[in-house]
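1. Please work out how this folds:
(one chain, ligands or ions: 1)
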Amino acid sequence: MFLTGLRCLHCGAEYPAADLPMGCERCRTPHFASALTCTYDYEAIRKATRVETLQARLGWLWRYAEFLPVDPVHRVTMREGGTPLMPCPRLGATLGVRDLYLKDETRNPTWSFKDRLCSVAISKAREMGAPGIIASTTGNHGASTAAYAARAGLPCIIVTRADAPLTVRVLMQSYGARVVAVPTDEDRWKVVGEWVARHGWFSTTNVSVPPVGSTPFGVEGYKTIAYEIMHQLDWETPDVVVVPVSAGDALFGIWKGFTDLRRLGWIDDLPTMMAVEPFPAYAVVLERGAGTGTGEGGALVTVPGRRTVAFNVGTRTPTYQGLLALRESRGRAVVVEDTETMEAQLSLASTEGLYVEASSAVALAGVRQLVASGAVAPEATVVAVMTSSGLKDPEATAARLPQVPLIEPTAAAMEAALAKAYGFRV
Ligand SMILES: [Zn+2]
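-> Numbering: from 1, shown residues only. Next up is the predicted model:
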């Protein structure tokens, strides 16, 4: 293992590699918080491994063990990662971009990219001897945490909201988690924070107000998305990587993955990171040049929210780590409406055969806006991360689909029904 410790992304303060879910104590104010990130001995990594060595290993997350903060003897795994990068020329044409690739994270063990975070986070919890696992989540993160806690043989509590979709609640409880609900996100973070302080359990999610993001050990799991993209594109850096954004964990983790590779001298160019969100949490703060933690306007501002189909990314407060990834890569944040999101979900499913959840489809609605506004050139190579399966919340899609007609079993009746329900004629 090449982990050397943790460092604050904002002030650079160094910490030991312990479970510090509140982020940097030195930077914390009532209106600002900064995440810690894992540090490594990159010189030792450079000596210990080569691209060819990694390439020769089986295609899953732990192929990149040298870049992860856990001794692999403690790993808790279900063969997550190693997901395909799908070229999607037909969808690309409708969105106005020539080279569109989708990183299909729906193929993970609990059907979402959270399995990368949870495999690494819960491995770390086991290495540290944590007595239990807790998480504050309405969706994919909870399902994944519950599954990996089960796999690790550790008790698990998930604090959710009452309006979390049925599928996700069923998954969490089926995996053996004890699930409870509280009214708001802030309530969830508060109660999980108290539980962690009182019982020494390990939280895979944010516990801080203002939010710092998920455990920094788990965020390292997202770096493997960047490593895989580079393998899959034959080491040609994409121009743009588009990520649905909530706590900014994945946005920052994927960005860090690319910067790791440049640090080792394996790549020269870095992509521009683009965030897509249903509320302007990142967009507003970026536009104002705020959220820097220092001076006037340094606070992390909370924007108003509402119900959204993209409930997994319905975040109202940005994190410093997410803003950092956007600023360092000269990216931007795009806000999309639910109608655009649902249109993108069905457009992807019906042109390329991939059914993703609304919280993933926001990225495609974002690509359309970015190309239309000139922020992304039509000839750019664009990778969008499809974070989770549409089967997590099929009711949201069902509301937009025509009723299935019941017909007499004749070709003539079928022709009439197809024309009426779908406008389809042979
Ligand atoms: Zn700090």
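
2. Checking residue 241 next. Helix, strand or coil?
-> strand (DSSP: H, G, I helix; E, B strand; the rest coil).

3. who touches it in this structure?
-> 226, 229, 254, 258, 271, 272, 273, 274, 382, 383, 384, 385 (C-beta atoms under 8 Å, 6 or more residues apart in numbering). C-betas here are computed from N, CA, C, even on glycine.

4. what's the span of stretch 213-230 from first residue to last?
-> Using C-alpha to C-alpha, to the nearest Å, one end of stretch 213-230 lies 25 Å from the other.

5. go on, stretch 64-84?
-> 16 Å.

6. May I see the buried residues of that stretch?
-> 64-70, 74-78, 80-84 (16 or more other C-beta atoms under 10 Å).

7. ok, now stretch 307-317?
-> Neighbour counts over stretch 307-317 (16+ other C-beta under 10 Å) mark 308, 309, 310, 311, 312, 313, 314, 315, 316, 317 as buried.

8. how about the residues of the chain near the ion?
-> Neighbours of the ion within the chain, by C-beta under 5 Å from the ion: 8, 10, 11, 13, 24, 26, 27, 34.

9. want to try a markdown table for these, with secondary structure as columns?
-> Listed next are the residues of the chain next to the ion as a markdown table, based on three-state DSSP:
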| residue | secondary structure |
| --- | --- |
| 8 | strand |
| 10 | coil |
| 11 | coil |
| 13 | coil |
| 24 | coil |
| 26 | coil |
| 27 | coil |
| 34 | coil |
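
10. returning to that earlier point: out of the buried residues of stretch 307-317, who's nearest the ion?
-> residue 317 (18.0 Å; C-beta to the ion).

11. so who does residue 225 touch?
-> 103, 105, 113, 116, 250, 253, 254, 257, 385.

12. from the residues you listed, which is closest to the ion?
-> residue 253 (18.8 Å).

13. Not counting residues beside it along the chain, what's closest to the closest one?
-> Distance criterion C-beta to C-beta, 6 or more residues apart in numbering; nearest residue to residue 253, sequence neighbours excluded, is residue 222 at 2.6 Å.

14. shouldn't the one you found be in contact with residue 248?
-> No - counting by C-beta atoms under 8 Å, residue 222 sits too far from residue 248 to count as a contact (10.5 Å).

15. These two: which has the busier surroundings?
-> More crowded of residue 222 and residue 248, by other C-beta atoms under 10 Å: residue 248, with 30 against 25.

16. ok, the more buried one touching residue 322?
-> Yes - distance between residue 248 and residue 322: 2.2 Å, which falls inside the contact criterion (C-beta under 8 Å).

17. who touches both of the two?
-> Residues touching both residue 248 and residue 322 (C-beta under 8 Å, 6+ apart): 213, 275, 282.

18. Let me know the helix or strand that the residue nearest to the spatial centre of the chain is in.
-> Closest residue to the average C-alpha location of the chain: residue 250 at 4.2 Å, with C-alpha atoms, centre = their mean. Secondary structure from DSSP states H and E places residue 250 in helix 249-263.

19. that older thread, Serialize the residues of the chain next to the ion to JSON lines and add fields for distance to residue 174, pLDDT and neighbour count.
-> Below are the residues of the chain next to the ion laid out as JSON lines (distance: C-beta to C-beta, whole Å; pLDDT from 0 to 100; neighbours: other C-beta atoms under 10 Å):
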{"residue": "8", "distance to residue 174": "38", "pLDDT": "98", "neighbour count": "21"}
{"residue": "10", "distance to residue 174": "39", "pLDDT": "97", "neighbour count": "23"}
{"residue": "11", "distance to residue 174": "43", "pLDDT": "97", "neighbour count": "12"}
{"residue": "13", "distance to residue 174": "41", "pLDDT": "98", "neighbour count": "14"}
{"residue": "24", "distance to residue 174": "37", "pLDDT": "97", "neighbour count": "24"}
{"residue": "26", "distance to residue 174": "42", "pLDDT": "96", "neighbour count": "12"}
{"residue": "27", "distance to residue 174": "39", "pLDDT": "95", "neighbour count": "21"}
{"residue": "34", "distance to residue 174": "36", "pLDDT": "97", "neighbour count": "25"}
